[in-house]
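K.L.:
coords below, sequence missing:
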């Protein structure tokens, strides 16, 4: 072998050597991608498993909150005005669940304040009760969603008065006809 052939081999390696190096490089890239996907799927499974476990834990607690109810003054209450309740008329047996329900009839007008799950519903009801707003719960689009509604309203004028009062209180709503 001449010195010229040796120099050429050093400058341009044989095709066998470059093919072998390319295979090793491709194998490293494949292993890197596979490892990244494996780690990503592991982290995603860990995250989703934790979220599922946490939601099952929250929904397992029964709702036992109750709100005492007395006999209100005969006049219809207006949002933002206090309702007089005779304290001596309130008994432990008069306690009702926090959720006063309503089954809307076709054609009735309501103001819908929210649609949410059971835990959020309790929290939002407490906020609304603190503001003097007493919505009722209507069935939602699914079993675990409830609609918080006020109404029904006999006419458009009564609905508009209520809308103005809710806007003044900073409560968002939508008008809904069932």
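P.N.:
In hand now; what should we look at? Given the structure is predicted, the values throughout are model-derived calculations rather than measurements.

K.L.:
which is the succeeding secondary structure element to the lowest-mean-pLDDT helix or strand in the chain?
P.N.:
Least confident helix or strand of the chain, by mean pLDDT, DSSP states H and E, is strand 96-97 with a mean of 40. Helices and strands here follow DSSP states H and E; after strand 96-97, the next one along the chain is strand 109-116.

K.L.:
give me the contact list for that next one.
P.N.:
With contact meaning Cβ atoms under 8 Å, 6 or more residues apart in numbering, strand 109-116 is reached by 104, 121, 124, 128, 133, 135, 138, 140-141, 145-153, 156, 159, 162-163, 166, 171-178. C-beta: built from backbone N, CA, C; applies to glycine.

K.L.:
repeat that for stretch 133-141.
P.N.:
Counting by Cβ under 8 Å, 6+ apart, 77, 79, 99-104, 110, 112-113, 115, 121, 125, 128, 146-150, 166, 169, 171 sit against stretch 133-141.

K.L.:
change it to 6 Å
P.N.:
For stretch 133-141, contacts defined as Cβ atoms under 6 Å, 6 or more residues apart in numbering pick out 79, 99-102, 104, 113, 115, 146-150.

K.L.:
which helices and strands does the longest helix along the chain pack with?
P.N.:
Longest helix in the chain by number of residues, with DSSP state H as the criterion: helix 15-59. Helices and strands touching helix 15-59, as assessed by 3 or more Cβ pairs under 6 Å, 6 or more residues apart in numbering; DSSP states H and E, are absent.

K.L.:
rounded mean pLDDT for it, please.
P.N.:
For helix 15-59, the mean pLDDT works out to 83.

K.L.:
buried ones only from the contacts of strand 109-116, please, as a PyMOL command.
P.N.:
Selecting only the buried entries of the contacts of strand 109-116 in PyMOL, with 16 or more other Cβ atoms under 10 Å as the criterion:
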select buried, resi 104+121+128+133+135+138+140+146+147+148+149+150+151+152+153+159+162+163+166+171+173
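
K.L.:
give me the neighbour count for the closest residue to residue 145 other than its chain neighbours.
P.N.:
With sequence-adjacent residues excluded and distances taken as Cβ to Cβ, 6 or more residues apart in numbering, residue 145 is closest to residue 115, at 5.5 Å. By the measure other Cβ atoms under 10 Å, the count of residues near residue 115 is 17.
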